[in-house]
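*Asks:* Provide a 3D model corresponding to the input given below.
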Amino acid sequence: MTAGTNVEVSPNASLFVWAAEKLVDLVITQAVEGEWASFRSKLLGYDQKSGAILIARPEPANEGQRVDVSRDAELGVAFRRGHKKCLFVSRVSEDLSAVADAVPGTLVLAPPTDVRSVQRRAYQRVVIPSHRFIAAKIWDGGLPGDNGVSYPVSSGRVSNVSVGGVMVDVRSDQNPRLQVGDLVGIEVTQRPGMRPLLVEAQYRHCVMHSDDRLGLGFQFVGLEHDLPGRSTLEEVKLFASAVRRGV
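*Replies:* Residues are numbered from 1 along each chain as shown. Predicted structure coming up:
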């Protein structure tokens, strides 16, 4: 390469070249009117010169869901490669000239500045021993803001956890009567006096643990985005790892 013609190659170029060749499936997350929405897509192309990423226009993940991805929308993107889950955040770009073979009806994402890889082992559930108490509180509609007093709709203990989600064991009379897909805010306190884990999640299912107790299963959402007032993906990974080690 001659002087004056240096082209900076993204350290993630080989990852995206592979993903484009495989047309990998994507999970897209976006904050829509204060709530998290998840969509399906595919990675269709990657331009090594510009770092632009070409994806299929997102499709609904749930029946009746509306997909409305606007210019400059910030999207969380996740896909799997082998034993790792890769995640990044990018914005939609209207500058299609950077991708020579862009196809009408697709979206071009700006080059991500930070691509993270999480071992899929981290998504394996860790069951909390019955003698160990990890407190959890649940807020309806997401984590509470700083403007005013807000009270949780339910509280209980963590019965199992992974980087992907958590199950909270509550008394039957504490059942918040959630619908599948409802957004909640969750505060998890590993030990008294420790800084709590603050995450948002979608309700997925409910199981009966006994006659008077039930387990509420939640899937974490939006961890790619690192929003103020919420725990980051790294913090969730550290928490799940500590629980796995019994720390």
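*Asks:* Okay, helices next: where are they in the protein?
*Replies:* Under the criterion DSSP state H, the chain contains helices at 13-22, 233-245.
*Asks:* now what about the first one, what contacts it?
*Replies:* If I follow you right, that is helix 13-22. Identification of contacts with helix 13-22 by Cβ atoms under 8 Å, 6 or more residues apart in numbering yields 10, 43-46, 48, 51, 53-54, 79, 81, 86, 115. For glycine as for every other residue, the C-beta is placed from the backbone atoms N, C-alpha and C.
*Asks:* which of those tops the neighbour count?
*Replies:* Using other Cβ atoms under 10 Å as the neighbour criterion, residue 53 leads the contacts of helix 13-22 with 26 neighbours.
*Asks:* dump the residue contacts of the spatially closest residue to that residue that is not a sequence neighbour.
*Replies:* Leaving out its chain neighbours, the residue that sits closest to residue 53 by Cβ to Cβ, 6 or more residues apart in numbering is residue 109, at 4.3 Å. Taking Cβ under 8 Å, 6+ apart, we find residue 109 in contact with 52, 53, 54, 55, 75, 77, 90, 91, 92, 93.
*Asks:* Residue 182 contacts residue 139, doesn't it?
*Replies:* No. Under the criterion of Cβ atoms under 8 Å, residue 182 makes no contact with residue 139, lying 11.2 Å away.
*Asks:* higher neighbour count, these two?
*Replies:* Shown here are residue 182 and residue 139; by other Cβ under 10 Å, residue 139 has more neighbours (20 against 17).
*Asks:* Share the number of residues neighbouring the nearest residue to that one once chain neighbours are set aside, please.
*Replies:* The shortest distance from residue 139 to any non-neighbouring residue, by Cβ to Cβ, 6+ apart, is to residue 185 (3.8 Å). For residue 185, the count of nearby residues is 22 (other Cβ under 10 Å).
*Asks:* and residue 185, what does it touch?
*Replies:* Residue 185 neighbours (Cβ under 8 Å, 6+ apart): 138, 139, 141, 142, 143, 144, 198, 199, 200, 201.
*Asks:* which one of those residues is nearest residue 157?
*Replies:* Proximity of those to residue 157 (Cβ to Cβ) peaks at residue 138, which lies at 11.7 Å.
*Asks:* Run through the residues that contact the spatially closest residue to the closest one that is not a sequence neighbour.
*Replies:* Leaving aside its sequence neighbours, residue 138 sits nearest to residue 154 (Cβ to Cβ, 6+ apart; 4.5 Å). The contact partners of residue 154, by Cβ under 8 Å, 6+ apart, come to 137, 138, 168, 170, 174, 175, 176, 216.
*Asks:* confidence score at residue 21?
*Replies:* If you check residue 21, the pLDDT there is 94.
*Asks:* and what of residue 159?
*Replies:* At residue 159, pLDDT is 94.
*Asks:* Could you do residue 49 as well?
*Replies:* pLDDT, read off for residue 49, is 85.
*Asks:* Now it. Its backbone dihedrals?
*Replies:* When read as degrees, to the nearest 10, the backbone of residue 49 gives phi -70, psi -50.
*Asks:* can you list the weak-confidence ranges in the chain?
*Replies:* 1-10, 34, 61-67, 70-72, 94-104, 146-149 (pLDDT under 70).
*Asks:* care to break the protein down by domain?
*Replies:* Taking automatic domain parsing as the criterion, the chain consists of the domains 13-121, 124-245.
*Asks:* list the contacts for residue 134?
*Replies:* 128, 157, 158, 161, 188, 189, 190, 243.
*Asks:* Just the ones of the residues you listed in strands?
*Replies:* Per DSSP state E, strands hold the following members of the contacts of residue 134: 157, 158, 161, 188, 189.
*Asks:* Identify, from those residues, the entry nearest to residue 31.
*Replies:* For the ones in strands among the contacts of residue 134, the nearest to residue 31 is residue 188 (21.5 Å; Cβ to Cβ).
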